[in-house]
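Chemist: How does the following fold in three dimensions:
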Amino acid sequence: MPPQLDQLSRRHWLALSLAAIALVSFVAFWLSLPSIDGLAAYRPPLPSVVLDRHGKPIGTFVEERRQLVALREVPRVVQDAFLAAEDDSFYSHPGFDPFAMGRATLANLRERRVVQGGSTITQQLAKNLFLTSDRSFVRKLQDVALAGRFEWALEKDEILELYLNQIYLGSGAYGVAEAARTYYGKPLAQLSVSEAAQLAALPKAPSRFSPHANPDAAEAGRKLVIARMRDTGRIDAAVAHAALADKPVVLPPPPAPAAYADAAYFVEEVRQQLFDELGAETVLRGGLRIETTLNLRTQRAALAAVEKGLAAAELRAKRAGKEVAPEGALLAIDARTGARYKRAASPAPRSSRFVTAPRSKRVSRPTSRSTTTSTNTATRRRASSGAPRTTRTASMAR
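Modeler: You can find the predicted model right below:
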């Protein structure tokens with residue numbers, strides 16, 4: 001074979017080998033990506049609420065504090081604020097924005113550190129649901145690949161809806177509805193342009209821009225987002241000027257309701273039973289509505305009666321020259337149903353609590369978008385015997 005042909009043949013085989021290696025590497029990378037099967041039916045984790053017999057909340061089981069809302073329930077000004085702050089070309093790109101990624105790369109090279117991410121809303125959602133927060137090159141490639149899958153599987157509005165419900169916004173609040181309640185004590189529909197802008201500044205660094213933790217940084221972020229909304233044509237100059245002057249009133253972190261403290265021991269027994277019956281993940285993330293036989297009004301009366309009795313016993317002991325820590329217990333039984341209620345007092349009378357303890361095994365299995373009650377002959381006769389009944393109320397309206 002002539003030398004020229006031999007050299008050409010070697011180059012040909014080298015090119016084929018490199019192409020084969022590239023193809024195998026791509027296939028291996030693609031197969032290593034997390035599966036997004038069932039993404040269209042995905043629902044973010046929701047807290048489970050424990051209710052007394054009259055429907056009054058007495059506790060929650062929560063991994064992530066969140067209120068689920070459909071996109072149509074999110075005001076346009078809130079959507080515009082997040083789009084201006086996070087992904088102005090969301091409705092036109094295929095899941096990733098090569099121009100934004102290029103700008104971010106140049107900025108990071110110039111600063112010799114990561115100062116910009118260049119991730120779209122779709123990429124952020126993919127990372128939050130399936131990937132780690134690692135900033136490696138491989139993870140960035142996974143972002144892009146998964147974002148493409150997301151765009152293939154879901155409509156743009158569905159992606160934005162998931163993002164606005166999934167995103168962490170600081171102070172324990174997940175999703176825009178819970179953040180509105182946490183920071184401003186109001187529903188989404190009542191947010192102003194200024195408040196929406198302040199929330200939209202949070203995804204980049206929820207702790208650093210939190211109005212609770214760093215008011216100065218939160219104020220700077222709010223002004224920056226208002227400027228972005230103006231520059232991208234989502235609000236005009238007059239609205240932007242008014243929004244800049246309208247500084248939000250941020251409420252302090254809300255305390256736990258008094259009812260939660262009054263029924264804390266009872267709710268803990270409910271948690272233990274449901275963990276055994278349904279599993280921790282379902283209870284903490286399933287958005288259950290847990291109905292119990294506890295009566296909050298009589299619970300508080302029992303607390304007051306027991307604490308008054310313990311205080312009187314302690315006073316009598318002191319007058320008699322005795323050092324004692326009296327204990328007390330209260331047991332109430334419903335003669336009609338056999339429901340049992342008990343109270344176990346601690347040695348410290350002022351800190352003890354009356355506990356209504358469930359004992360029956362009647363627990364309805366949670367189902368999505370519906371209420372299902374499972375009973376048998378024995379449990380039907382003891383429907384009020386103290387066990388919690390659970391229903392799943394976690395559904396995203398479409």
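Chemist: The residue nearest to D157 when sequence neighbours are not counted: what's it in contact with?
Modeler: Excluding its sequence neighbours, the residue lying closest to D157 (C-beta to C-beta, 6 or more residues apart in numbering) is L71, at 5.4 Å. C-beta: built from backbone N, CA, C; applies to glycine. Counting by C-beta atoms under 8 Å, 6 or more residues apart in numbering, L71 touches Q79, D157, E158, L160, E161, L164.
Chemist: is it fair to say S171 lies in a strand?
Modeler: No. Secondary structure of S171 (DSSP: H, G, I helix; E, B strand; the rest coil): coil, not part of a strand.
Chemist: That one contacts S210, doesn't it?
Modeler: Yes. Contact criterion C-beta atoms under 8 Å: S171 and S210 qualify, at 5.6 Å.
Chemist: Neighbour count: the two, which is higher?
Modeler: Counted by other C-beta atoms under 10 Å, S171 and S210 do not tie: S210 has more neighbours, with 23 against 20.
Chemist: Do I have it right that the more buried one meets A201?
Modeler: No. Using C-beta under 8 Å as the test, S210 is too far from A201 to be in contact (9.9 Å).
Chemist: which residues are common contacts for the two?
Modeler: Joint contacts of S210 and A201 (C-beta under 8 Å, 6+ apart) are A218.
Chemist: before we move on, the earlier item: now, the contacts of L71 that are in helices?
Modeler: Among those, the members found in helices (DSSP state H) are Q79, D157, E158, L160, E161, L164.
Chemist: quick one: contacts for the last one?
Modeler: By C-beta under 8 Å, 6+ apart, L164 lies in contact with V69, L71, V74, V78, Q79, F82, G175, V176.
Chemist: Next, format the residues you listed as a markdown table and append pLDDT.
Modeler: Listed next are the contacts of L164 as a markdown table, based on pLDDT from 0 to 100:
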| residue | pLDDT |
| --- | --- |
| V69 | 94 |
| L71 | 95 |
| V74 | 97 |
| V78 | 97 |
| Q79 | 97 |
| F82 | 97 |
| G175 | 94 |
| V176 | 96 |
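Chemist: which of those tops the neighbour count?
Modeler: V176 (29 neighbours).
Chemist: Look up the closest residue to that residue, ignoring the ones flanking it.
Modeler: L164 (5.0 Å).
Chemist: Just the pLDDT at that neighbour, thanks.
Modeler: Per-residue pLDDT puts L164 at 96.
Chemist: cool, A180 as well?
Modeler: With respect to pLDDT, A180 has a value of 96.
Chemist: counting contacts, what elements does the helix or strand hosting it pack onto?
Modeler: Element membership of A180 [criterion: DSSP states H and E] is helix 176-184. Contacts defined by 3 or more C-beta pairs under 8 Å, 6 or more residues apart in numbering; DSSP states H and E place helix 176-184 against strand 65-66, helix 156-166, strand 173-174, helix 193-200.
Chemist: List the buried residues for the second one?
Modeler: Spelled out, it's helix 156-166. Going by neighbour count (16 or more other C-beta atoms under 10 Å), the buried part of helix 156-166 is K156, E158, I159, L160, E161, L162, Y163, L164, N165, Q166.
Chemist: for stretch 58-70, same thing?
Modeler: Applying 16+ other C-beta under 10 Å to stretch 58-70 flags I58, G59, T60, F61, V62, E63, E64, R65, R66, Q67, L68, V69 as buried.
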